[in-house]
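Peer 1: Fold the following and give me the result.
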Amino acid sequence: MRFECVQYLLDVYRGKRELIDPHKVVNSLTAGNKFVYTQEDANEIVANHILSDKPEMICRFGTLELDTMRMMLNAKGCNPKYNKWHKDLFSNTAGFFPIDDYNMTRFACEQFEILKDVDVLASRPERYERKVVGLYLQHADIVDINAFSYPFCYKNPWSKALEGKKVLVINPFDETIKKQYEKRDKLFKNPDVLPEFELITCIPVQGIGHAKKYLEYKTWFEALAAMKADIKKINFDIAIIGAGAYGMFLAQYVKSLGKKAIHMGGATQLLFGIKGSRWDSWLGKNYYNEYWTRPSKEETPEGVELFEHGTMAYW
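Peer 2: Numbering: from 1, shown residues only. This next block holds a predicted model:
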């Protein structure tokens, strides 16, 4: 019950509750002049990009990252001022540091620059996000975020296209991901959801909750540079990324290396049968089975109770 109440308040803040604010949620098949592909069509679009013979950047917006961009633009040329509520969330949930107007504005500006390299965007039906798509992403294919995040709900999941590839998974739950992949044939009824591939894992810099106080980096941008240097040394074909605010930045870097990037964000863990409180109420009934698990104690950072003000969404 506590999770549902806190999540509800967060959704109200983010404009996700149509009954609370119908002006922030849109029910549209288009974003700008781009059609938004859904369900099986969306899975086919993503799969085709994975199977293409060129570098690709397939991604989504993080909620807090997009909110930071929105607040920067709303300043209309003046120095942006980010409210304390948002700063706390961006620090404890997205792992950004230090939390000051200078670095947050730099983040927002650089993420806008990244958008030119996006090939596929998984988009939510939120008015501001669709506005950004209309202004900055008319060159990309647009798919529904649910079809992208939950390929196991569909007969022909996009994830089948990973078969036979060297797949680098950048996620803090690396040990659990490796253990779960060993029983991949037991996690989903459809074996195409998690096909056979060479799994490689990489732990991103973890800055959520109190974890950032143990980091050797002075800024989020220093940590990003260090991760890029590590990734460059790895031999892989495709990267699946769930790494907080680093996600879209790492995806662009992977594409610059001539490889393919799939920035799934938090939903990355679901592909490996890892439970999270965010999804328990509906996935638990339809998709969880006795082989699904939760992140280990070792993968639970200090101060995780600060994540989304207490939702424990990924644990």
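
Peer 1: Pull the number of nearby residues for Leu270.
Peer 2: Using other CB atoms under 10 Å, Leu270 has 24 other residues around it. From N, CA and C alone the C-beta is placed, and that goes for glycine too.

Peer 1: Kindly report the same for Val205.
Peer 2: The number of residues packed near Val205 is 22, by other CB under 10 Å.

Peer 1: Can you give me every residue that contacts the closest residue to it other than its chain neighbours?
Peer 2: Nearest non-adjacent residue to Val205, counting by CB to CB, 6 or more residues apart in numbering: Ala223, 4.1 Å away. Ala223 makes contacts with Val205, Gly207, Leu215, Tyr217, Tyr246, as judged by CB atoms under 8 Å, 6 or more residues apart in numbering.

Peer 1: Between those, which sits nearest Cys153?
Peer 2: Tyr246 (26.9 Å; CB to CB).

Peer 1: Which pLDDT value belongs to that closest one?
Peer 2: Tyr246 carries a pLDDT score of 98 in this model.

Peer 1: The one 5 residues further on now?
Peer 2: According to the model's per-residue confidence, Ala251 sits at a pLDDT of 99.

Peer 1: wait, doesn't it sit right on Gly242?
Peer 2: No: counting by CB atoms under 8 Å, Gly242 is not a contact partner of Ala251; they are 11.0 Å apart.

Peer 1: which neighbours do those two share?
Peer 2: Common contacts of Ala251 and Gly242 (CB under 8 Å, 6+ apart): His263.

Peer 1: Can you pull out the low-pLDDT segments for this structure?
Peer 2: Scanning the chain for pLDDT under 70 picks out 1-26, 209, 303, 306, 308-310.

Peer 1: Now for the most centrally placed residue in it: which residues touch it?
Peer 2: Centroid check for the chain by CA atoms, centre = their mean gives Gly265 as the closest residue, at 1.7 Å. Counting by CB under 8 Å, 6+ apart, Gly265 touches Arg60, Gly62, Ser149, Ile241, Gly242, Gly247.
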